[in-house]
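>>> Any chance you can model this:
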Amino acid sequence: TEGRVFAVGASKEHVTNLVLQIGLAPLAKSHPTRVEVAEAEPPAAHTDRIRVAKKLIARGDLYQVNLARRLRVTLVRGGPLDMYACMSAAAPSPFGACLQLGRDLSIVSTSPELLLRAETCARDGRHCASTNSSINSYSFERLYTCPIKGTRPRGAGAFEDRRLAIELDEDLKENAELTMIIDVERNDLGRVAKVGSVRVIRGPDVVTHRTVHHREALLTAYTKKSASRRDVLEAMLPSGSVTGAPKVRAMEVIANLEAHRRGLYTGGFGYMAYDSSMTLAMAIRTVVLQGS
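Predicted coordinates:
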């Protein structure tokens with residue numbers, strides 16, 4: 001959206017060649033996009049799941065469960081990149097992505113939520129920017145996650161916009177939901193964190209985006225020396241933000257009630273940098289296109 005392209009390569013020569021190729025490439029033409037969306041099952045089936053979940057909550061099995069339903073999306077006109085441009089124009093996001101993972105598999109997302117940012121450092125304490133060292137000499141050092149709970153649209157004018165933001169910030173249900181998930185995320189971070197290092201460093205508060213207000217919080221922790229990168233991923237995935245509280249029981253309820261395995265949905269996608277640090281976005285507002 002800013003009209004800028006960043007070229008990243010293993011060497012200055014690689015970057016120079018990539019910039020040259022970008023300059024020589026013809027401009028991609030956008031095409032009109034038409035999408036058809038259909039229910040994967042009768043809506044009543046999802047309503048029945050919600051009733052069961054509410055009964056479980058009422059009897060004290062769990063506090064919250066994040067139930068989902070599957071929608072079937074058919075891209076009738078245009079391609080994945082056209083679809084991404086359309087989605088991004090409607091709802092810009094900090095973690096938008098269009099990933100071509102194979103000839104017949106694409107991921108299109110305008111995710112607003114940071115699942116995990118994991119910064120690294122060499123085990124001997126030195127700065128980890130050098131690409132000459134073995135990737136195995138690094139471990140995740142500092143972790144961040146930013147759960148989102150609660151949404152309101154932007155107002156038509158400044159007064160309404162302010163009213164909606166205040167309404168979101170003062171809503172008892174939204175406050176309770178984010179508080180529960182902050183506790184879940186603190187617990188997950190605590191499984192791999194140095195004692196006393198788990199902190200909420202921002203929020204919970206309302207963050208305003210172009211089309212919506214969200215209520216969110218930013219958490220951080222320093223990993224203990226014995227925690228491998230695998231340990232970190234196993235502790236943080238799936239996120240409590242998209243499962244519920246208590247997390248393990250919520251996952252059991254989801255597995256029992258939802259008609260389909262979620263696949264990528266509510267998992268994560270992202271990238272690993274040359275210093276082996278990692279950024280993963282939550283796979284929400286995400287479409288998986290097969291055979292496109």
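>>> What's the local residue count around the nearest residue to Glu41 once chain neighbours are set aside?
Spatial nearest neighbour of Glu41, chain neighbours left out: Ala259 (5.6 Å); criterion: C-beta to C-beta, 6 or more residues apart in numbering. Where you see a C-beta, it was placed from the backbone N, CA and C, and this is true even at glycine. Ala259 is flanked by 12 other residues according to other C-beta atoms under 10 Å.
>>> Spit out the contact partners of Met236.
115-116, 143, 145, 188-189 (C-beta atoms under 8 Å, 6 or more residues apart in numbering).
>>> now swap in Arg162 and tell me
Going by C-beta under 8 Å, 6+ apart, the list of residues near Arg162 reads Gly155.
>>> Assign it to helix, strand or coil.
Three-state assignment for Arg162 (DSSP: H, G, I helix; E, B strand; the rest coil): helix.
>>> closest to Leu56 among the contacts of Met236?
Asp188 (21.9 Å; C-beta to C-beta).
>>> Work out for me the element the nearest residue to the closest one once chain neighbours are set aside sits within.
Take Asp188 and drop its neighbours on the chain: the residue closest to it by C-beta to C-beta, 6+ apart is Ala235, 5.1 Å away. In this structure, Ala235 sits in helix 229-236 according to DSSP states H and E.
>>> same check, this time on Pro238
Using DSSP H and E, no helix or strand contains Pro238.
>>> need the helices for the stretch 1-150 of the chain, in chain order.
For the stretch 1-150 of the chain, the helices defined by DSSP state H, counting those that start in this stretch cover 12-24, 43-58, 80-90.
>>> what's the closest of these to Thr279?
Nearest to Thr279, of all the helices of the stretch 1-150 of the chain, is helix 80-90, at 18.2 Å by C-beta to C-beta.
>>> Give me the contacts around the closest one.
By C-beta under 8 Å, 6+ apart, helix 80-90 touches 1, 28, 30-33, 35, 75, 78, 96-98, 100, 106, 108-110, 211, 285, 287, 289, 292.
>>> same thing with stretch 168-175?
149-152, 204-206, 213, 215.
>>> would you turn the residues you listed into JSON lines with distance to Met278?
Output for the contacts of stretch 168-175, formatted as JSON lines (distance: C-beta to C-beta, whole Å):
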{"residue": "Lys149", "distance to Met278": "24"}
{"residue": "Gly150", "distance to Met278": "27"}
{"residue": "Thr151", "distance to Met278": "27"}
{"residue": "Arg152", "distance to Met278": "31"}
{"residue": "Pro204", "distance to Met278": "25"}
{"residue": "Asp205", "distance to Met278": "26"}
{"residue": "Val206", "distance to Met278": "28"}
{"residue": "His213", "distance to Met278": "29"}
{"residue": "Arg215", "distance to Met278": "26"}
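>>> Among those, which are located in strands?
149-152, 204-206, 213, 215 (DSSP state E).
>>> Can you select the buried ones among those residues for me in ChimeraX?
Buried residues within these, by 16 or more other C-beta atoms under 10 Å, are selected in ChimeraX with:
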select :149,150,152,204,206,213,215
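>>> what's the closest of the ones in strands among the contacts of stretch 168-175 to Ser139?
Closest to Ser139, out of all of the ones in strands among the contacts of stretch 168-175 and judged by C-beta to C-beta, is Pro204, at 29.5 Å.
>>> Enumerate the beta-bridge partners assigned to Thr223.
Ala193 (DSSP bridges).
>>> number of nearby residues for it?
25.
>>> Leu143 is in contact with that one, correct?
Yes - here Thr223 reaches Leu143: they are 6.3 Å apart, a contact under C-beta atoms under 8 Å.
>>> Need the residues touching each of those two.
In contact with both Thr223 and Leu143: 192-193, 232, using C-beta under 8 Å, 6+ apart.
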